[in-house]
Every structure is written in C-alpha cells, then in structure tokens.
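# structure, please.
(chains A, B and C)
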Amino acid sequence: MSLTFLLMDAPYEQARTSTAFRLIDAALRRKVAVRVFAYEGAVSLAMTGQKPHANAVHGRTLEEEAHPTPHAWVAALGELAKDNGVAFDWVNCGLCVDERGANEVVPCSRRGSPADFWKMNLESANTLVIPTR
Amino acid sequence: MSKYLLIESRDPFEAKCFSQRCELALTLLAESTGVTVFLVENAVLGARAGAKAPGLEKLARAGVSVMADEFALRERGINDLAPHVQAAPLDSLVGALAGGAKTLWN
Amino acid sequence: MRVLQIIEPAYRATLEEQDDTVLWFTRAIRAAGAPADVLLCGTAVNYSVRGQDAEGLRVGRWTQRHPPAIEHEISKLIEGGARVAALAEDLAERGIHTESMLPGIEVLSRKSLGGLCAQYDRVWKW
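Sure, this is the predicted structure:
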C-alpha cells in the first residue's frame, strides 16, 4: 500500500510545508509506503545547501538554535521509511530543479518528470495534491 | 459512490470563498457515501466555540463530519471547541487517504 | 483512471514561468497517458477569455521572448481531447460573458460539481 503526495511550496514561507511533512511522517509510521513528487518551489526542500544559523534575537548559538532545514527533514523521512521497512521515493521535477538551480540534493531524492508523478499515482492507493497559493 | 475528504487550510474569515467550499461539501454529500471536512493550519480558527463560522455548523447538521487538527488547535490556543467540531490527530488523514477518499486540499 | 484538475489560482508566476504551471503540468501528464480534464474556477475562470496578451515584459536589457500564452494552452488541451469547463457563477461574478470566451469551454453551474466529481477517480484541487 502506498500513498503519493505532490508538494509545490518552497520552504519557510507558509504552513503547508510542515503540515505535509507531518502527514508523510504519519504515513510512514503507519508503515504506508510514500512517494513524493516535488513540483515547482518544493524542489528546494531537498537542497543540501541549506544551512542552519544562530539566533541573535533569542541569544541562541548555532547549536542551541538547532534551526530546521527541510533537507534534513527529507533525509529523516528516508531513515524513518527504512526503520519501518517501507519504501520512500522522493522525486524532484527536473525542469523545476534546473530553473531554480536546486541540483545538490539529499541522496534519498532523485530527479524526475510529471510522467513519474503519473506513474506514482497509478501505483498508489491514493494521491494528495497540496497546491501552493 | 465515493467518500470525500476536504482538507481546509485557510482562515475561513479571510477567504470569502469559504462559504462556497462549504456549499461544495454539501453538494458532494448528495453524491457520496460521506464527506469529511478536516481543518488544518489557520482553518481551525473557525473551530473555536463562539467563532462566527455558520458554514461549519451547517455542514455538521447536514451530516458532514467536521474535524480539526489537534496540533493546529493547540498551536493557536484553541481549547474550547465549537460543539459541531471534533478534534483529531492529523494522522487520522492517513487512514482516510489509504481508504481511497477523493481528497481535495484548499 | 480519470482525473479532474480543478484550477483556482491564476496568473501566479506565469510571467517568470512563461506558462501556467498547472495547465503545463496537465498537458505533461496527458502526454504520459493521463486522461485529465480541467475545471476552471475562482480567478482561473479568466483563463477562458479571448484576447489575453502578456507580451512586453522587460527587465533592464532582458526582454521576454515567449510570454505565457494561456489561450493557446487551453486550446491545445481542448484540441487534444481534454474536457475544459468553467464555473458559471465565477464567470458571472467577473463579468465574463460566453461571447468573450474561447470556443469549446463548457460552462457548468456550481450545483453540478457533485455529479462532475463523481465521474472521476481522482479530483486534484490546485
């Protein structure tokens, strides 16, 4: 049994990113295999160039702040899938990757196209599209 | 006939088309085996007891299941829920999706 | 597996993408075999209008060679066999009359959405 999710949003701009990750996490914990198609801004989620930072307003060092970076979340989902013995496939839309320069991404993700999304959908029990605004 | 799951993420007081989406839920109810409206993010602002969101109450009276993400409620300090809304963990959506509900995200 | 793409937002990043990314995506998955149809609602009903012209964007010395051609995209979908519909109430609210619309677009009432969604295996809202 697998579910497919299509995400569109770049990180750090709205609440849909964290809701999507919570939902995917929940699916994997229930041992449901997950396929993610990252479209448009969502290809930025897996970029390894993201760096955490300190927070001077709160007086926290880099380590203390432990600022989230979405690529770490993507990698964490990959690990969770392995721990639960289910498949996890994260595909970044290739043209969207190119136009954003989002080429350096976590190893558990791969490049693909809308044709991959259609295939993922056909192989899944259901597909949720989380659109941007 | 299918089940429908409408995931509402937007503040019902900010988006004037919220009432249209409530109408959609009612329309789908007539053609389905059940409709759930699941409030996430700022949509839970309509779930507070005393909130002026008559659309949600109308849905519940018609037989639509109206639920709200427990985390989003807590995040916004909403402890007193409108009687027609049920708090639920987000992961309850996994079961609905896996069960094949046609799912629309707003 | 029949798919209904419900498109509500419009003119979002269409200039820098040179496309509406959801119409483009629809054409891409149709090319991969997806029998996907389109329902335009909300702001996106304006995509059904003839005479949209996005030519002329320039930034410094950069000028756009291929502005988004929404009418062309809609027409290509219809030519390719996709059903493209627009919500009557949203058209009326925006003063869009049938005479100003592209040929081949069905006008449907919001009341018919239940029956419409029932015809599809997947309904994706954008």
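
# dead centre of chain A: give me the residue that sits there.
residue A:74 (4.8 Å; CA atoms, centre = their mean).

# now the helix or strand containing that residue: mean pLDDT?
In this structure, residue A:74 sits in helix A:70-83 according to DSSP states H and E. Averaged across helix A:70-83, the pLDDT comes to 97.

# hmm, it in reach of chain B?
No. Contact of helix A:70-83 with chain B is not found when judged by CB under 8 Å from any CB of the partner chain; the minimum separation is 13.1 Å. Placement of C-beta: from N, CA and C, glycine included.

# CA atoms of that helix as PDB?
Taking C-alpha atoms only, helix A:70-83 is exported to PDB below (Å, rounded to 0.1, in the frame of the first residue of the first chain):
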ATOM      1  CA  PRO A  70      14.000  20.900   5.200                       C
ATOM      2  CA  HIS A  71      16.700  18.700   3.600                       C
ATOM      3  CA  ALA A  72      17.300  17.200   7.000                       C
ATOM      4  CA  TRP A  73      13.600  16.500   7.200                       C
ATOM      5  CA  VAL A  74      13.600  14.800   3.800                       C
ATOM      6  CA  ALA A  75      16.600  12.700   4.900                       C
ATOM      7  CA  ALA A  76      14.800  11.900   8.200                       C
ATOM      8  CA  LEU A  77      11.800  10.700   6.300                       C
ATOM      9  CA  GLY A  78      14.100   8.400   4.300                       C
ATOM     10  CA  GLU A  79      15.500   7.000   7.600                       C
ATOM     11  CA  LEU A  80      12.000   6.600   9.100                       C
ATOM     12  CA  ALA A  81      10.900   4.600   6.000                       C
ATOM     13  CA  LYS A  82      14.000   2.300   6.300                       C
ATOM     14  CA  ASP A  83      13.300   1.800  10.000                       C
END
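
# show the contacting residues for the closest residue to residue A:41 other than its chain neighbours.
The shortest distance from residue A:41 to any residue other than its chain neighbours is 3.2 Å, reached at residue A:10 (CB to CB, 6 or more residues apart in numbering or on different chains). Counting by CB atoms under 8 Å, 6 or more residues apart in numbering or on different chains, residue A:10 touches A:40, A:41, A:42, A:44, A:45.

# just checking, the last one touches residue A:39?
No. With contact taken as CB atoms under 8 Å, residue A:45 and residue A:39 are classed as non-touching, separated by 10.8 Å.

# any shared contact partners between those two?
Residues touching both residue A:45 and residue A:39 (CB under 8 Å, 6+ apart) are residue A:7.

# mind checking the SS state of the nearest residue to residue B:64 once chain neighbours are set aside?
Residue nearest to residue B:64 in three dimensions, not counting chain neighbours: residue B:35, with 4.8 Å by CB to CB, 6+ apart. Taking DSSP: H, G, I helix; E, B strand; the rest coil as the rule, one finds residue B:35 in the strand state.

# surely residue B:35 meets residue B:60?
No. With contact defined as CB under 8 Å, residue B:35 does not count as touching residue B:60 (10.9 Å).

# neighbour-wise, which of these two wins?
Between residue B:35 and residue B:60, residue B:35 has the larger neighbour count (other CB atoms under 10 Å in any protein chain shown), namely 27 against 16.
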